[in-house]
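[1] What follows is a predicted protein model with its sequence.
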Amino acid sequence: MIPISWESAVYFFWAKTGKLKPGITFNAGEALVTGTKENNKVTLTKQGGSYKFINQTASDFNNYLTVEADEAIVFNEVSVGIGMSGSCMYASQIPPKESISFSLPSKYMVTFGDIEQGEVMKNSEMFDPLMIEFPQGVFSLNVTLNNDKTWTISQVLD
């Protein structure tokens, strides 16, 4: 059984990834707590050779998390993402003077294999992935990979 749970806290992340592609590992350089209605927009800059988030504000668009890259960003050097429970779930390359908006899904995929946490993957590379949907107000599910390679999902009882 693989317990899957997450906190409702949402984060912005950035990582020096070079060109973002399958097989590399997204090792976050910063994790910044955000929300879907407040503090849901931030700027990524590079100062003194280091990337950092600045100017966190509220966006005009609820339920979207937006990262704006300023002119100091180096093309194909850094990626940004969003996640929960301190781990990045979705990432994208961010070019200079561009912005990326993410929305939080209610559905996630689980798979198994020889994968490192933070490893960038394409859906086509997943072995028999399972779509998991968290119902409203549910933050923890148990997922079991059975001996016959089928999946069983059960809700965690408090």
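    That came through fine.
[2] wait, Asp70 sits on Pro95?
    No: judged on CB atoms under 8 Å, Asp70 makes no contact with Pro95 at a distance of 11.2 Å. C-betas here are computed from N, CA, C, even on glycine.
[3] Centroid-nearest residue for this protein?
    Central residue of the chain (CA atoms, centre = their mean): Met89, 2.5 Å from the mean position.
[4] so it, which of the three states?
    strand (DSSP: H, G, I helix; E, B strand; the rest coil).
[5] partners of Glu119 in the sheet?
    Under DSSP bridges, the beta-bridge partners of Glu119 are Thr25.
[6] count of neighbours near it?
    The tally of other residues near Glu119 (other CB atoms under 10 Å) stands at 14.
[7] try Lys46
    Neighbour tally, Lys46, other CB under 10 Å: 17.
[8] Next, find the distance separating it from Leu145.
    42 Å (CB to CB, to the nearest Å).
[9] Kindly report the same for Lys52.
    From Lys52 across to Leu145, the span is 40 Å (CB to CB).
[10] go on, Ala15?
    Taken as CB to CB, the span from Ala15 to Leu145 is 29 Å.
[11] More neighbours: these two, which one.
    Ala15 (22 against 16).
[12] Please report how far that one lies from Thr152.
    Counting by CB to CB, the gap from Ala15 to Thr152 is 34 Å.
[13] any weak-confidence spans in the protein?
    1-8, 106, 123-125, 157-158 (pLDDT under 70).
[14] Show me where it has its strands.
    Remark: strands assigned in the chain by DSSP state E are 2-5, 10-16, 30-34, 41-47, 50-57, 64-69, 78-84, 87-93, 99-103, 107-110, 130-133, 140-145, 151-155.
[15] Can you mark which positions in the last one are buried?
    When you say that, I think you mean strand 151-155. Neighbour counts over strand 151-155 (16 or more other CB atoms under 10 Å) mark Trp151 as buried.
[16] what do you get for stretch 13-21?
    Buried residues in stretch 13-21, counted by 16+ other CB under 10 Å: 13-15, 17, 20.
[17] Fine by me, we can end here.
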